[in-house]
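Participant: Next one to model:
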Amino acid sequence: MSDTTETRPGGDTFGFIRRNIREYGILFALIVIMAFFQIVTGGILFRPVNLTNLFLQNSHIVIMAVGMLLIIVAGHIDLSVGSVAAFVGALAALMIVKLGLPIPVVVVLSLVAGAIIGAIQGYWVAYWKIPSFIVTLAGMLIFRGLTMWTLQGQSIGPFPREFQMIASGFIPDFFGPDKPNTLSLILGWGAALVILWMQVRNRRREETLGIADEPFAFFVAKNALIFVALAWMTWALANFRGLPNVFIVMAVLVALYAFLSERTTIGRRIYAIGGNAKAAKLSGINSERVVFLTFMNMGMLAALAGLVVSARLNSATPKAGVGFELDVIAAVFIGGASMSGGVGTVIGAVVGAFIMGVMNNGMSILGIGIDYQQVIKGLVLMAAVIFDVSNKSKS
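Facilitator: Predicted coordinates for the structure are as follows:
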């Protein structure tokens, strides 16, 4: 009798949340954290200028988190992403400032360099079976040293305005300079409507197949909240300076990788390898090639993050990227990924990244020292890991 209640379409809300606590727990956590800092900062957190800074300051974490999610789901880890981002940023600065190469050429060459770096590391992990922890730890040291050597211990900059626009530019309004930014409204509200339509379409398909497990009231409340939040955020930013260019980059990447991980064959293979590598191999999956490609992809995204950070800082510095790998890995684990692989979502990783970003931003507004910030972030990460372990033991 209880089994029928648990699995019937549109079952009880509490039972559904309990069964999907990993997915919805982080979303509730983000809402609670944002509400807390909005109250204690006196409303500063949700001001348009602060929302813009939140996206600009955390864009590189989100970009790398979607790649790190695939690495961790496959059962591996990449400790070199911060150093790779710094090294590619240094290469880009050298090509732009010293060699005077065109910006589009520099962007392409930088992404190719990142992909090559990821491929080299992935080769040793996938085909030689060297633990990814060791390979990428070596990569972290190697590319940190190469960054210092490339820059000769000095910062290189400034960059042309065209390059800075990657990270600090905003969508132009082709309908006139008056606020709100009409193009930003069209893009933001259009995206919110598309997301809502996709959710409704998926719900109808599940109901037709008789597999709709999510209670209807919960479905309506969740999607109404997401739609209103996106619409309000778009309105607030459109009345400020519009949507940042890097926000569009993040949105496209999140949509692309969410589709790749959930709706494509290679995405299912990554989860299969992380869930049970031996079974995946026996079922005919070329696990070596899949792991190789995930590292190659991670290198390319780290390179993109390096370009974004350099453009935002308007210079490439030897200290760039320090600690990035820790924030990225923490974001993925806080976002619900499992330490043992096979579990995690792109949306969860993004939510985890914004949890870290909101905490950093809120604590900075409150004047909390960096020492306490590190302690608090460490405790949050530990709580996420403990939750993962306890959740597994119960199941």
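
Participant: Over to Gly344. Which of the three states is it?
Facilitator: What DSSP: H, G, I helix; E, B strand; the rest coil gives for Gly344 is coil.

Participant: Return stretch 122-139 as PDB; C-alpha atoms alone will do.
Facilitator: Only the C-alpha atoms of stretch 122-139 are listed here, as PDB (Å, rounded to 0.1, in the frame of the first residue of the first chain):
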ATOM      1  CA  GLY A 122      43.200  13.500 -20.100                       C
ATOM      2  CA  TYR A 123      45.500  11.200 -22.000                       C
ATOM      3  CA  TRP A 124      47.500  10.200 -18.900                       C
ATOM      4  CA  VAL A 125      44.300   9.700 -16.900                       C
ATOM      5  CA  ALA A 126      42.300   7.900 -19.500                       C
ATOM      6  CA  TYR A 127      44.800   5.700 -21.200                       C
ATOM      7  CA  TRP A 128      47.600   5.300 -18.700                       C
ATOM      8  CA  LYS A 129      45.200   5.000 -15.700                       C
ATOM      9  CA  ILE A 130      47.200   7.500 -13.600                       C
ATOM     10  CA  PRO A 131      44.900   8.900 -10.900                       C
ATOM     11  CA  SER A 132      43.500  12.200 -12.000                       C
ATOM     12  CA  PHE A 133      44.400  13.700  -8.600                       C
ATOM     13  CA  ILE A 134      48.100  13.100  -9.300                       C
ATOM     14  CA  VAL A 135      48.000  14.200 -13.000                       C
ATOM     15  CA  THR A 136      46.200  17.400 -12.300                       C
ATOM     16  CA  LEU A 137      48.100  18.200  -9.200                       C
ATOM     17  CA  ALA A 138      51.200  18.100 -11.300                       C
ATOM     18  CA  GLY A 139      49.400  20.200 -13.900                       C
END
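
Participant: so what's the residue nearest the centre of the chain up against?
Facilitator: The geometric centre of the chain, computed from its C-alpha atoms, lies nearest to Val62 (Cα atoms, centre = their mean), at 2.9 Å. If a contact means Cβ atoms under 8 Å, 6 or more residues apart in numbering, then Val62 has 250, 253-254, 350, 353-354 as its contacts. Every residue, glycine included, has its C-beta placed from N, CA and C.

Participant: what's the least confident helix or strand in this protein, going by average pLDDT?
Facilitator: Across the helices and strands of the chain, mean confidence by mean pLDDT, DSSP states H and E is lowest for helix 2-7: a mean of 40.

Participant: so how far is stretch 370-380 from its chain's centroid?
Facilitator: Once both centres are worked out by Cα atoms, centre = their mean, to the nearest Å, stretch 370-380 turns out to sit 20 Å from its chain's centre.

Participant: what mean pLDDT would you report for it?
Facilitator: Averaging pLDDT along stretch 370-380 gives 84.

Participant: likewise stretch 31-44?
Facilitator: 89.

Participant: Can you show me the CA trace of that stretch as PDB?
Facilitator: This file holds the C-alpha atoms of stretch 31-44, laid out as PDB (Å, rounded to 0.1, in the frame of the first residue of the first chain):
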ATOM      1  CA  ILE A  31      16.700  30.800  -1.500                       C
ATOM      2  CA  VAL A  32      17.300  30.800   2.200                       C
ATOM      3  CA  ILE A  33      20.800  32.200   1.900                       C
ATOM      4  CA  MET A  34      19.700  35.000  -0.500                       C
ATOM      5  CA  ALA A  35      16.800  35.900   1.700                       C
ATOM      6  CA  PHE A  36      19.100  36.000   4.800                       C
ATOM      7  CA  PHE A  37      21.700  38.300   3.200                       C
ATOM      8  CA  GLN A  38      19.000  40.500   1.600                       C
ATOM      9  CA  ILE A  39      17.700  41.100   5.100                       C
ATOM     10  CA  VAL A  40      20.900  41.500   7.000                       C
ATOM     11  CA  THR A  41      22.500  43.800   4.300                       C
ATOM     12  CA  GLY A  42      19.500  46.100   4.400                       C
ATOM     13  CA  GLY A  43      18.400  45.300   0.900                       C
ATOM     14  CA  ILE A  44      21.800  45.800  -0.800                       C
END
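
Participant: Run through who's touching that stretch.
Facilitator: Outside stretch 31-44, the residues that touch it by Cβ under 8 Å, 6+ apart are 45-46, 50, 355, 358-359, 361-362, 365-366.

Participant: Inside helices: which ones of those?
Facilitator: 50, 355, 358-359, 361-362, 365 (DSSP state H).

Participant: Which of those has the largest number of neighbours?
Facilitator: Among the ones in helices among the contacts of stretch 31-44, Ile355 has the most neighbours (other Cβ atoms under 10 Å), with 24 neighbours.

Participant: got the contact list for it?
Facilitator: Contacts of Ile355 (Cβ under 8 Å, 6+ apart): 26, 29-30, 33, 331, 334-335, 380.

Participant: on that earlier part again, from the contacts of Val62, which two are the most distant?
Facilitator: Maximum pairwise distance in the contacts of Val62, criterion Cβ to Cβ, is 14.3 Å, between Leu253 and Phe354.

Participant: More neighbours: which of these two?
Facilitator: Between Leu253 and Phe354, Phe354 has the larger neighbour count (other Cβ under 10 Å), namely 24 against 20.

Participant: The more buried one contacts Gln57, correct?
Facilitator: No. Taking contacts as Cβ atoms under 8 Å, Phe354 lies outside contact range of Gln57: 11.1 Å.

Participant: what's the spacing between Asn297 and Lys281?
Facilitator: According to Cβ to Cβ, to the nearest Å, Asn297 and Lys281 sit 21 Å apart.

Participant: Helices of the stretch 1-150 of the chain, residue ranges please.
Facilitator: 2-7, 13-19, 21-40, 48-73, 81-93, 103-127, 132-151 (DSSP state H, counting those that start in this stretch).

Participant: tell me the average confidence for the last one?
Facilitator: By that I understand helix 132-151. 95.

Participant: List the buried residues in that helix.
Facilitator: Residues 132, 135-137, 139-140, 142-144, 146-148, 150-151 are the ones in helix 132-151 that count as buried (16 or more other Cβ atoms under 10 Å).

Participant: now, among those residues, which is nearest to Met198?
Facilitator: For Met198, the nearest member of those is Ser132. The distance, counting by Cβ to Cβ, is 34.1 Å.
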